[in-house]
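Enquirer: got a predicted model here, sequence first, then my questions.
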Amino acid sequence: MTQHTTTYGRQSPLQAVASAAPAVHSISYRPDIDGLRAVAVLSVLVFHAFPSVLRGGFIGVDIFFVISGFLISSIIGQALAEGDFSIRQFYMRRILRIFPALITVLAVAYAAGWILMPADEYARLATHIVSGAGFFSNFTYWKEAGYFDPAAETKPLLHLWSLAIEEQFYIVWPFVLFAANKLCRKRGLLLAALSVAAISFCLNLHAIYVKADTAGLYYSPMTRFWELLVGGILAYWHAGKGRKAVPTAVSSLASLCSAAGAGAIVIGLFCISSTNAFPGWWALLPTIGAAMLIGAGPQTWFNRNVLAHPAGVWLGLVSYPLYLWHWPLLSFAHHLAAGAPPASVRLVVVLLAVPLAWMTKRFIENPIRLQARHGRVSMLVACMALVAGIGIFTQYQQGLPWRYGTVELQREPGRFECEDRKKNSGCIFGNPSGKIVVVYGDSHAEHLTRALDEALGKEYLFYMVTNGSCFMGENVLRPDIGNQRDCRAAQEKLHSLRGKNIYAVIRSQRWHAYGGGGEASIRELVSDALLAGGLHPQRTIIVGSTADVGFDCEVSNYYALPFSHQRQCKPADDTRAVNRLFIRVTQALQVGEGVRFVYPYEKICPQDQCVAIEGHVSNYSDTHHLTKDAALLLMPDIARALR
């Protein structure tokens, strides 16, 4: 999201800013590139606010990557060609460009989190502030990625992963170009860009087809650098074109190139979705499309009349602070609404981001850059270090629970973790001399395990065989849900227990996630569960689903809205109906004497109102998983069924 300056015509607003900054080479200002930046940021905004409207809007980030790679490589390449490139001045300019708005957004996010978040989430936000200030957010979110990772909407700084990748590129790329220029002066930039881009693109494909690492594919700089280098390669071509004095008149080929680039981006916006392995091959659509638009030149009809329209140029000029502001606003609106806010609220939030972006540029970015001196750079570095330090302190203090002046809301996860489970999908706990009880299913079996250990661990030896999103069935399989490799490993672990003296099995699933939405499908799922994994136990206990509730509904009531004293959350309409149907169908089934059903919905959501808080204890650890305290409410029923 790098801005650039002009060397022709009257001075642009950005050139006026740049004139006061440390000396650095400029390239010809192109309003169509600012217009392309506007297309990119609008795509991301619409996708984040209304994902069903523009399902491929996230490719706006990939367009940003190409623009940044082109502009930065052009500036560095020109300076190297003229023999006066300064790495020190380059980084000073990056600090002046990136730090002011970022520091502002990080500080506002910290202040909003103080009001709206419980201690555990506030500590997580502090972690994200530190990684945002240090430009390693992509690694933080990569590490957090997983089934129990909180919903993306609840992470106000999630969007900083792309800024981190850009800055990581800017840390490495100037040195690569400097070395390439020394070793191979004439072709150094092109050789460096082609080599690194080829390696990065191959790693991108390797992550998809060999490692099946979706998080690494998305967040790793090594699978993303090729996108910035598409712009770098274009910069080399553009520089060569300028040296050869190729006429700038509009040609039919350039117009075709511009139209094809626009078409590729439009196809990507409407045909790519979050279900595609991305970036992968799909990312060629926005990246090559953006490169074609830039390469076609500012005089083609589309670039001149559409991209260079004053409205688009204005939006492009504020695209960086607009990108920074929009996601925290949407995320905190999600917190306040205890779930996805209405479409009207999301529209207002996105519109609010525009004047905020303009004010950030007008009153924060521009004054700092217009009066840029070495002291300003030092001040910005010190301010960023202060923000990071406050984040580290908040992490160390575990989210500052004392800030509310009230008892901290307890939200202890219900799932039992152990090293053995991580290695082979199994876990053993309880009394080694007790009767063997196998607990199997998906994460809705996992969230019972701490309570089972605490309430019944003295009587029974529990074998936990689970994996998130795995149905773990004998006859009913859902290959489209969950990590199939892990699901197969869990299934094999379950089968390995055959022949043991199994006293009982406890089968718990998020039943409605596997097609249990009608009477026939519920009967089929339960019939499969009655097979008990082929273990032939004396007792079979089938635990029903919990109800989904709006994320942090209870937190909104407990902390963020002091005028509200509700302790209940309305279950999602679909899960309420499914749970009621599950109870009705299973109670009517003719089953053996050793089969019992336990219904969490009746315990947690009497009269279809889910009790989210008992005193100072939460019953939900997220939208549908129970805390240990909530799972303990089910233990008397499970204990009776076991006996």
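Expert: Here it is on my side, so go on.

Enquirer: got a pLDDT number for the residue lying closest to residue 380 once chain neighbours are set aside?
Expert: Excluding its sequence neighbours, the residue lying closest to residue 380 (C-beta to C-beta, 6 or more residues apart in numbering) is residue 99, at 4.2 Å. No exception for glycine: its C-beta is placed from N, CA and C like everyone else's. With respect to pLDDT, residue 99 scores 95.

Enquirer: do the same with residue 21
Expert: In this model, residue 21 carries a pLDDT of 34.

Enquirer: which non-adjacent residue is nearest the residue sitting nearest the centre point of the chain?
Expert: Centroid-nearest residue in the chain: residue 152, 4.9 Å away (criterion: C-alpha atoms, centre = their mean). Leaving out its chain neighbours, the residue that sits closest to residue 152 by C-beta to C-beta, 6+ apart is residue 158, at 5.6 Å.

Enquirer: equivalent analysis for residue 333, please.
Expert: Nearest residue to residue 333 in three dimensions, chain neighbours excluded: residue 341, at 4.7 Å (C-beta to C-beta, 6+ apart).

Enquirer: and that neighbour, how far from residue 350?
Expert: 11 Å (C-beta to C-beta, to the nearest Å).

Enquirer: how deep is residue 318 tucked in, by neighbour count?
Expert: Residue 318: 26 surrounding residues under other C-beta atoms under 10 Å.

Enquirer: can I assume the residue nearest to residue 333 is in contact with residue 335?
Expert: No - the pair residue 341 and residue 335 does not pass the contact test of C-beta atoms under 8 Å, sitting 9.6 Å apart.

Enquirer: so the two - more neighbours on which side?
Expert: residue 335 (24 against 20).

Enquirer: and the more buried one, what's its pLDDT?
Expert: pLDDT, residue 335: 80.

Enquirer: just to check, it is in contact with residue 125?
Expert: No - in this structure, residue 335 is not within contact of residue 125 by C-beta under 8 Å, at 10.5 Å.

Enquirer: gap between the residue nearest to residue 333 and residue 334?
Expert: Counting by C-beta to C-beta, the separation of residue 341 from residue 334 is 6 Å.

Enquirer: mutual contacts of residue 335 and residue 125, please.
Expert: Shared contacts of residue 335 and residue 125 (C-beta atoms under 8 Å, 6 or more residues apart in numbering): residue 117.

Enquirer: and the residue nearest to residue 333, what does it touch?
Expert: 333, 334, 349.

Enquirer: what about residue 225, neighbour count?
Expert: By the criterion of other C-beta under 10 Å, residue 225 has 25 neighbours.

Enquirer: again, but for the one 3 residues further on
Expert: Other residues within reach of residue 228 by the criterion other C-beta under 10 Å amount to 30.

Enquirer: now do the contacts for it.
Expert: By C-beta under 8 Å, 6+ apart, residue 228 lies in contact with 65, 66, 68, 69, 166, 169, 173.

Enquirer: what do you get if the cut-off is 10 Å, keeping everything else the same?
Expert: 62, 64-70, 72-73, 165-166, 168-170, 173, 193, 196-197, 200, 221, 287 (C-beta atoms under 10 Å, 6 or more residues apart in numbering).

Enquirer: any idea how far it is from residue 290?
Expert: 11 Å.

Enquirer: repeat for residue 320
Expert: Distance, residue 320 to residue 290, using C-beta to C-beta: 17 Å.

Enquirer: cool, and residue 222?
Expert: The value you get for residue 222 to residue 290, if C-beta to C-beta is used, is 21 Å.

Enquirer: so which residues of the stretch 151-300 of the chain form strands?
Expert: Counting by DSSP state E, counting those that start in this stretch, the stretch 151-300 of the chain has no strands to list.

Enquirer: and the stretch of helix or strand residue 505 belongs to, C-alpha only, in PDB?
Expert: Using DSSP states H and E, residue 505 falls within strand 502-508. What follows is strand 502-508, C-alpha atoms only, in PDB (Å, rounded to 0.1, in the frame of the first residue of the first chain):
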ATOM      1  CA  ILE A 502     -14.800 -51.700  27.600                       C
ATOM      2  CA  TYR A 503     -17.400 -51.000  30.200                       C
ATOM      3  CA  ALA A 504     -19.000 -48.100  28.500                       C
ATOM      4  CA  VAL A 505     -18.700 -45.600  25.700                       C
ATOM      5  CA  ILE A 506     -19.800 -41.900  25.700                       C
ATOM      6  CA  ARG A 507     -20.500 -40.700  22.200                       C
ATOM      7  CA  SER A 508     -20.900 -36.900  21.800                       C
END
